[in-house]
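>>> need the 3D shape of this:
(chains A, B and C)
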Amino acid sequence: MGQSMQWLERAPEGVRLPVTTPLDEVETAARDAGVLILEFDAFRDGRGFSLAAVLRERGYRGRLIADGRVIPDQARHLRRSGFDGVVLGAGADVNAWRRMDAAFSATYQPVEDRAAPIWRRRELARKPEAIVDRLNRETRGGDAEDILRAALDPALGLKPAVLSSFGAEAAVLLSLVARIDPSTPVVFLDTGMHFLQTLAYRKALSERLGLTDVRLVTPDAGERADLDPRDDLWRADPDACCDLRKVRPLERALAGIDAVITGRKEHQTPDRLGLRPFELFEGRIRVNPLHDWSEERLQAWFDAEDLPRHPLTAQGYRSIGCWPCTEAVEVGEDARLGRWSGAAKTECGIHLGRRALAVG
Amino acid sequence: MYRYDEFDTAVVRERIEEFRDQVSRRVSGGLTEDEFKPLRLMNGVYLQLHAYMLRVAVPYGTMNSRQLRRLAHIARVYDKGYGHFTTRTNIQYNWPALSDVPAILEELAEVEMHAIQTSGNCIRNVTTDVFAGCADDEIEDPRPWCEILRQWSTIHPEFSFLPRKFKIAVIAAPKDRAAMRTHDVGLQLIRGEDGEAAFRVFVGGGQGRIPHIAQEIAPAVPGRDLLAYLTAILRAWNLLGRRDNIHKARIKILVASLGIDAFREEVDRHFATLRREDLRVPDDEVARIRAYFAPPAFADLPRTSGAFDRASLADPDFARFARNNVRRHRQPGYATVIVSLKPVGGVPGDITAAQMDLVADLAERFSFDEVRASYEQNLVLPHVRLDDTPEIWRRLAEAGLATPNADLVTDIIACPGLDYCSLANARSIPVAQALSERLADLDYQERLGPIRVNMSGCINACGHHHVGHIGVLGVDRKGEEYYQITVGGSADETAALGEIVGRSLAADEVAPAVGRALDRYLEVRRDGETFLDAVRRLGADPFRDAIYGAVDAVA
Amino acid sequence: MKIVTANRLSDGRVIYAGPSGEPVEALDRAGRFDGEAADAALSRAARDPAIFVNPYLVEVDGDRPSGRDRFKELIRSRGPTVGHSLGHP
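Below you'll find the predicted structure:
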């Protein structure tokens, strides 16, 4: 269930039903379906939107494709009701579909594509500091689990996501999250430049912890073709490479997310000193449950929970990002010295915000 | 009243761009007329007999002077200098060009107005009691909830391609002044057990070919669950409503065919599994919206007004106006003034640009800059000082807006009929004019007391003839205009459908026939009972005889 | 005899198909067609949706509409019979 629609030339293989099919039958058919295609025989027949909304609410996680007579002006309705793709006819005007899909910057209604509705965005826009202060107050003296429970409390009404690199220490935060709600979205920036070991570790750890909504976020194919066709931008301009492969994809992935849970810790960099559990960043609440955990505590947690470690830690890697910009460090050296070593860069930029990056 | 924030403004402006794109694709052939039609309807653009008609939303009937002046400006610049207020408290323009509509919408957006979803198979303008915030029998002002419903229903991704239109009305008192029971969903605001706002929910009302009075589906839905419950109702109907026949598609048909109990079960099933907490408007947001509807800064005035009393004694015309068009207000020393858009021989609900400007001036000066549109197709100045009513009356009279006939027999509710509407069988305006000319005598009208005459030019019943005390329906007999008369309907909390009195009559027979029925009423009434009470007590027969006795005698 | 009528896309005004299929505003300048020619004229108008919106055929007797909807078509040709737009051009 993604946040952008796929414009398909033809329907994929899957279970195909007309929108006139009674809801019970559609639900039954969807139970084991990985791909469900709902066919509109008339674009005015709005049953398809309710069928989609009900399926998503009741837990259908497969692909939901619209086919038949639909018009570009329904792109948004389809996406927000829970469809993730639509079959365009031959000679369809894809640009009209794209334009109509993007016609509105916000929605009044809570919708299936997880965009925050306007009244929630208002709350955040109006008094985000108050929410953040309250949460910091309420969790003072509490621990990582208290902080996470506060952030993940449905009553709070936040749409949270964990941001994880599946690196050296990621398992700690992820195991804490999995204890509370393993269906919490976990965003992994699949930069295309990861160690193979990271990709394997991600898969194994997700399965071990029972995480059900790990989202692999890739750079935009068009941008990549324009800016880094030979995958070597990191040599000349690591900032631009981070921007293409991490910062911009992250912005897209966080559409509709209003709280980002990170594994950031005070001790990691000078800038992170004084890190609070809850803070405001670019219109979103940022949650740092491990803000005051020491290196020792992290390691103890690994042992106590018997968590698998990232394979590269055995080779001396203590902070793990993309392969071109990650090196092992000597014992006793600062863990992040291996990142962008030889350069002044200490952050990839995803936690710095756009303005910071522009300044350089 | 509510003021847009940056999100509301963005929605309205982005809607204009979307519509511009759609118009351009229609002109270039990217969209067929069949595809374009529902899209333009959802922007209030009808294609009528002679021209496009643009229906601009007046959310829950409330406007300020700046908005009313803008409506006047649009009438002047893009139309023929007038507009028409409807039974759903919107305003219609009969002559805009399609190519002008985006510019009109931009001018509307500048004053926080729009034409979104005033037509089409979607959720329409939410209407309410025109006396909201003034009446002393209301639990609380219903309009914050109307605004919440407006936002929730605007450009709803799941409910923009419904089987048919969907109309919601909200009242906040046991007395129903918004014809709530004639709506697809009617909401009555009550006090819940926990002291918080709750709603008695009605479903399945509607006019049209097969009229129904709404039935209660839930006695007390807490305010925080209102949107979820409405979502469940709409979802149930969206999935089960008929789409094979437009005359069988409204929710009233579904409720009637399943029965209210089975329909309720269907709704409850959806309510149980939808994400209720997602549809709970945060308390802060409710409070924020409520604050916009706080009572204005009333002055501390005595209950009676010397100026008002003196004017009433000195001028019998003012006294008559005061009797009929000046209504009691909950705040001592204040009143609500009804500005009648039903002058004798006029077009019911029509108003010129100059008249709109005048009412805007009066609203700004005398009514805390607020003016309302009513279900009866009149305008209302909600909060005026009794002291100021004589001057307000004088200024209204200069503009032809002081007809003292509010709720009297010439306060006719009428649709535009065959003069404008491509759906109509017969004209309604000339019949309304003939009736109002015949019954113009105000002494006679006051003797008759409150009587509601509703006229529809066709079975779509936009004039609400089914619930008129006297209803007149235009029918088509072999290409000629004929009219059917009903008596005994009611749109208030005693809602009922009128009874047909007999065969249809020719256009020139209608006004005399109604006249005879009214004379008969005066003969048979007891103890000052109203016309409606008399029909309920005696049945339709005495009035049937009065109408047809004379007709048949002549024939 | 039949005429072809529609609303004009740009401003919604009543138009008719002239003898050569061009849009005209006055009923008395509408092309009059019989039988198959009427269907052909209708198809021609329908192929021009950028001008003719929802064209259809109307029966006429000389200059006056004559079928079931004659009264409606008369009002369409002459304008509203009452009110602020009385007999619009």
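>>> contacts, neighbours, all on C-alpha from now
Noted.
>>> show me what from chain C comes close to chain B.
For chain C, the contact set with chain B under Cα under 8 Å from any Cα of the partner chain comprises C:7, C:9-14, C:49-50, C:53-54, C:67-72, C:75-76, C:79-85.
>>> 10 Å instead?
Applying Cα under 10 Å from any Cα of the partner chain, one finds that chain C approaches chain B through C:6-15, C:48-54, C:66-73, C:75-86, C:88.
>>> how is chain B carved up into domains?
According to automatic domain parsing, chain B comprises the domains B:6-59+B:66-110, B:134-292, B:306-398, B:413-554.
>>> strands along chain C, start to end?
C:2-8, C:14-17, C:23-24, C:52-61, C:64-65 (DSSP state E).
>>> quick revisit: of the residues of chain C next to chain B, keep whichever come out buried.
Buried by 16 or more other Cα atoms under 10 Å in any protein chain shown: C:6-15, C:49-54, C:66-67, C:69-73, C:75-85, out of those.
>>> ok, the helix or strand hosting residue B:83 near chain C or not?
Assigned by DSSP states H and E, residue B:83 belongs to strand B:82-85. Yes. Contact between strand B:82-85 and chain C, assessed by Cα under 10 Å from any Cα, occurs at B:82-83.
>>> quick one: that strand to chain centroid distance?
13 Å (Cα atoms, centre = their mean, to the nearest Å).
>>> just checking, what packs against it?
Here strand B:82-85 touches strand B:52-56, helix B:65-78, strand B:91-93, strand B:350-352, helix B:353-366, going by 3 or more Cα pairs under 10 Å, 6 or more residues apart in numbering or on different chains; DSSP states H and E.
>>> residues making contact with it?
Contact partners of strand B:82-85, identified using Cα atoms under 10 Å, 6 or more residues apart in numbering or on different chains, comprise B:54-56, B:58, B:71-76, B:90-95, B:341, B:347-356, B:373-379, B:415-416, C:84-85.
>>> need the three-state assignment for residue B:397.
Under DSSP: H, G, I helix; E, B strand; the rest coil, the three-state class of residue B:397 is helix.
>>> wait, it touches residue B:403, no?
Yes. If you go by Cα atoms under 10 Å, residue B:397 and residue B:403 touch, sitting 7.7 Å apart.
>>> in what helix or strand does residue B:188 lie?
Assigned by DSSP H and E, residue B:188 falls within strand B:185-191.
>>> next structured bit after that strand?
Later in the chain than strand B:185-191, the nearest helix or strand by DSSP H and E is strand B:197-203.
>>> list the buried ones in whichever helix or strand comes after that next one?
Following strand B:197-203 in sequence order, the next helix or strand is strand B:215-222 (DSSP H and E). For strand B:215-222, the neighbour count (16+ other Cα under 10 Å) marks B:215-217, B:220-222 as buried.
>>> for the residue nearest to residue A:90 when sequence neighbours are not counted, list the residues it contacts.
Nearest non-adjacent residue to residue A:90, counting by Cα to Cα, 6 or more residues apart in numbering or on different chains: residue A:9, 7.4 Å away. Neighbour list for residue A:9: A:86-92 [criterion: Cα under 10 Å, 6+ apart].
>>> any idea how far residue A:9 is from residue B:134?
Remark: distance between residue A:9 and residue B:134 (Cα to Cα, to the nearest Å) = 59 Å.
>>> same check, this time on residue C:35
Using Cα to Cα, residue C:35 is found at 64 Å from residue B:134.
>>> pLDDT at residue A:266, what is it?
Predicted confidence (pLDDT) for residue A:266: 87.
>>> burial measure for it, as a count.
Using other Cα atoms under 10 Å in any protein chain shown, residue A:266 is surrounded by 18 other residues.
>>> is the closest residue to residue C:72 other than its chain neighbours in a helix, a strand, or coil?
Distance criterion Cα to Cα, 6+ apart; nearest residue to residue C:72, sequence neighbours excluded, is residue B:418 at 6.9 Å. With three-state DSSP as the basis, residue B:418 sits in helix.
>>> residue B:418 touches residue B:426, doesn't it?
Yes. Counting by Cα under 10 Å, residue B:418 touches residue B:426, with 5.1 Å between them.
>>> quick one: residue A:305 from chain B, how far?
With distances taken as Cα to the nearest Cα, to the nearest Å, residue A:305 is found 34 Å from chain B.
>>> surely that residue and residue A:174 touch.
No. With contact defined as Cα under 10 Å, residue A:305 and residue A:174 do not form a contacting pair (11.8 Å).
>>> quick one, strands of chain A?
Using DSSP E, the strands of chain A run over A:6-8, A:15-18, A:35-40, A:63-68, A:85-87, A:160-163, A:186-189, A:214-217, A:259-261, A:278-281, A:284-287.
>>> against which helices or strands is the last one packed?
By that I understand strand A:284-287. Counting by 3+ Cα pairs under 10 Å, 6+ apart, strand A:284-287 packs on helix A:118-126, helix A:128-138, helix A:144-152, strand A:160-163, strand A:259-261, strand A:278-281.
>>> CA atoms only: put the longest helix along chain B into PDB for me.
Using DSSP state H to define each element, chain B has its longest helix at helix B:6-28. The C-alpha trace of helix B:6-28 is given here as PDB (Å, rounded to 0.1, in the frame of the first residue of the first chain):
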ATOM      1  CA  GLU B   6      -4.600  28.400   4.900                       C
ATOM      2  CA  PHE B   7      -5.800  24.800   4.400                       C
ATOM      3  CA  ASP B   8      -9.400  25.800   3.600                       C
ATOM      4  CA  THR B   9      -8.100  28.500   1.200                       C
ATOM      5  CA  ALA B  10      -5.800  26.000  -0.500                       C
ATOM      6  CA  VAL B  11      -8.700  23.500  -1.100                       C
ATOM      7  CA  VAL B  12     -10.900  26.100  -2.700                       C
ATOM      8  CA  ARG B  13      -8.100  27.400  -4.900                       C
ATOM      9  CA  GLU B  14      -6.900  24.000  -6.000                       C
ATOM     10  CA  ARG B  15     -10.500  23.100  -6.800                       C
ATOM     11  CA  ILE B  16     -10.600  26.100  -9.200                       C
ATOM     12  CA  GLU B  17      -7.400  24.900 -11.000                       C
ATOM     13  CA  GLU B  18      -8.800  21.400 -11.200                       C
ATOM     14  CA  PHE B  19     -12.000  22.700 -12.800                       C
ATOM     15  CA  ARG B  20     -10.000  24.900 -15.200                       C
ATOM     16  CA  ASP B  21      -8.100  21.800 -16.300                       C
ATOM     17  CA  GLN B  22     -11.400  19.900 -16.800                       C
ATOM     18  CA  VAL B  23     -13.000  22.700 -18.800                       C
ATOM     19  CA  SER B  24      -9.900  22.900 -21.000                       C
ATOM     20  CA  ARG B  25     -10.000  19.100 -21.600                       C
ATOM     21  CA  ARG B  26     -13.700  19.300 -22.400                       C
ATOM     22  CA  VAL B  27     -13.100  22.000 -25.000                       C
ATOM     23  CA  SER B  28     -10.200  20.100 -26.500                       C
END
